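>>> sequence unknown, structure follows:
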């Protein structure tokens, strides 16, 4: 069976007159329908760049892509014009960290959802309004009919994020991209939105890619988790394997340095140093300078992503 | 080896709180009515009393709009309270027989969340750190020497970093500079307002380790404000939980996390994402968002989201009262309050 999305050896480079940034350096993964892939990484790891590449959201004149992104067999990286416009919103849609800036402040929530529905499905105004109301109901917004007339600023942060999910799902996409959608929300609201995304994913049999820097969030929503570092997937595994027995020294370090219950009084195992500059294509393991288990062969060549078993892959010559 | 030796300035002895704030209130009027008159008021902090013991870390948690940052700003007098007083080791602040606001700020320093916005982009790191000591009368050469010592203390090699500008540093390095600057006046109390929240987890761990070391070495007291309950649990001796400008629960960290009494504290704790994929969260502990601090609900401010709210909760504001090992503001825990779950 062809996967819903298949990313192969994706490389993304940003070129400006001053410098070149190798943001993503060979990322490959598949996402099936009905599956949530969590992508975990710190700032600058390339997780958001990878996600946005799936919609070709980066500015064309400054971005160099190579590799392949295939959605149900259709190559995304060569799509342009009408095909690309039909991809965005209709087949793949995205939710962002800041719903306040993702919505247009001068139109009501109802206008923005109906615009998208009419553009992509050709429904009439009345049909689109009906659809918008159903969508707000689906994302559990109380009194949806009244809420359609609300402007984004009239809603609380949690309600806005629900409305953005409604907008994202308005044209029945098969793949939902989520870029830290709960990071800006309060704790008691974050968990509500996480549960909502989990439920909708199941109800609508969506493929979801959920980018986050928060291990707890990744554990709550993901079926599989990929850990990114310096533009590469360094480990990819089922969520249980990743939580119980991460193999890559960076994944282990990330888990050990995340404070959770019962760590009081223990010294935190911080990862020393900082992530590398992405100005050059790495010639060795990018994590080697910060790694406790570094060996000479780590510096010889970039390590390949090797299978530990049929569902667990790690990019480390020492751990594999 | 190190010229940075903190002089003991303790006056009241260990039993006297380092900082005592009583009846603090801050309301922000929102202009917008006819002729620019305020028609609405944000109830940021309402009649809040708290004490910070010498050498402890007091954690402050709560969601956006609960007033935790306003409390921090009131404690260092970045904003004036509408009402209430702050007493530092027995000396009332800004009162005839007390200490000046200037002196308060020498002894109480603050670190903010945005490490970049907190630094002057035109000053080198060493100038930034030496600025306050110079302003408080230390000769320039001594101030610079102190700044270099502090850089070493926060783990930044002075030879490498002293002459750099903020934009040449990473977020973690900049936050170390902000901490060094906060320590430059040899304060007794440091208020950390979401100081590690913007950092990546691996860097956050480095900074948390450093904060613990500095506290021991310099005999500091911390007020640690964060939305991250795990980090607060890790660092704090006592924890204060705020909701819409009020304290809902306060007590020892093990009591608050092990045996929370207020329904809001319980909800906050169980809203933390699970770290175990086999024990994922099934149901959100409470629904809805925190209400707007403009026109907060009558009586108990949490009642609009509380699953146990009854008529008394809308009518009477629950006082903060001792219950076992902590103090809690909830009618269910107050004997004879009239709530059906309260003991008579």
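In hand now; what should we look at? Values in this document were obtained by computation on a predicted structure and should not be read as measured data.

>>> contacts and neighbour counts: CA atoms only from here.
Will do.

>>> and the gap between residue B:192 and residue A:143?
41 Å (C-alpha to C-alpha, to the nearest Å).

>>> repeat for residue A:59
39 Å.

>>> show me what from the stretch 51-200 of chain A comes close to chain B.
A:156, A:157, A:158, A:159, A:186, A:187, A:188, A:189, A:190, A:191, A:192, A:195 (C-alpha under 8 Å from any C-alpha of the partner chain).

>>> try it again at 6 Å.
Neighbours of chain B within the stretch 51-200 of chain A, by C-alpha under 6 Å from any C-alpha of the partner chain: A:186, A:188, A:191, A:192.

>>> my read is the third one is in a helix, agree?
Yes. Counting by DSSP: H, G, I helix; E, B strand; the rest coil, residue A:191 is found in a helix.

>>> quick check: the gap between residue B:273 and chain A.
5 Å (C-alpha to the nearest C-alpha, to the nearest Å).

>>> contacts only, for that residue.
A:216, A:217 (C-alpha atoms under 6 Å, 6 or more residues apart in numbering or on different chains).

>>> that older thread, so which of residue B:192 and residue A:143 has more stuff around it?
Taking neighbours as other C-alpha atoms under 10 Å in any protein chain shown, residue B:192 and residue A:143 compare with residue B:192 leading, 23 against 11.

>>> other residues contacting the helix or strand harbouring the more buried one?
Assigned by DSSP states H and E, residue B:192 belongs to strand B:189-193. Strand B:189-193 has contacts (C-alpha under 6 Å, 6+ apart) with B:108, B:109, B:110, B:111, B:112, B:220, B:221, B:222, B:223, B:224, B:225.

>>> mind listing what's buried in whichever helix or strand comes after that strand?
Once strand B:189-193 ends, the next helix or strand along the chain (criterion: DSSP H and E) is helix B:201-218. If you call a residue buried by 16 or more other C-alpha atoms under 10 Å in any protein chain shown, then helix B:201-218 has these buried ones: B:201-212, B:214-215, B:218.

>>> which among those are in contact with chain A?
B:201, B:202, B:205, B:206.

>>> list the buried residues for the lowest-mean-pLDDT helix or strand in chain A?
When the helices and strands of chain A are scored by mean pLDDT, DSSP states H and E, helix A:99-102 comes last with a mean of 83. Neighbour-count burial for helix A:99-102, with 16+ other C-alpha under 10 Å as criterion, is recorded at A:99, A:100.

>>> for the helix or strand just after that helix, packing partners?
Sequence-wise, the next helix or strand downstream of helix A:99-102 (DSSP H and E) is helix A:109-121. Judged by 3 or more C-alpha pairs under 6 Å, 6 or more residues apart in numbering or on different chains; DSSP states H and E, helix A:109-121 is in contact with helix A:125-138.

>>> the helix it packs on packs against which elements?
Using 3+ C-alpha pairs under 6 Å, 6+ apart: helix A:125-138 touches helix A:109-121, helix A:144-147.

>>> buried ones in the longest one?
Judged by neighbour count using 16+ other C-alpha under 10 Å, the buried positions of helix A:109-121 are A:109, A:110, A:111, A:112, A:113, A:114, A:115, A:116, A:117, A:118, A:120.

>>> on that earlier part again, got the contacts of strand B:189-193 as JSON lines, with distance to chain A, secondary structure and neighbour count columns?
As requested, the contacts of strand B:189-193 are arranged in JSON lines below (distance: C-alpha to the nearest C-alpha, whole Å; DSSP: H, G, I helix; E, B strand; the rest coil; neighbours: other C-alpha atoms under 10 Å in any protein chain shown):
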{"residue": "B:108", "distance to chain A": "26", "secondary structure": "strand", "neighbour count": "24"}
{"residue": "B:109", "distance to chain A": "25", "secondary structure": "strand", "neighbour count": "23"}
{"residue": "B:110", "distance to chain A": "23", "secondary structure": "strand", "neighbour count": "23"}
{"residue": "B:111", "distance to chain A": "20", "secondary structure": "strand", "neighbour count": "24"}
{"residue": "B:112", "distance to chain A": "18", "secondary structure": "coil", "neighbour count": "20"}
{"residue": "B:220", "distance to chain A": "17", "secondary structure": "coil", "neighbour count": "21"}
{"residue": "B:221", "distance to chain A": "17", "secondary structure": "strand", "neighbour count": "23"}
{"residue": "B:222", "distance to chain A": "16", "secondary structure": "strand", "neighbour count": "28"}
{"residue": "B:223", "distance to chain A": "17", "secondary structure": "strand", "neighbour count": "21"}
{"residue": "B:224", "distance to chain A": "15", "secondary structure": "strand", "neighbour count": "24"}
{"residue": "B:225", "distance to chain A": "15", "secondary structure": "strand", "neighbour count": "29"}
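
>>> if anything else comes up later, I'll come back, but that's it for now.
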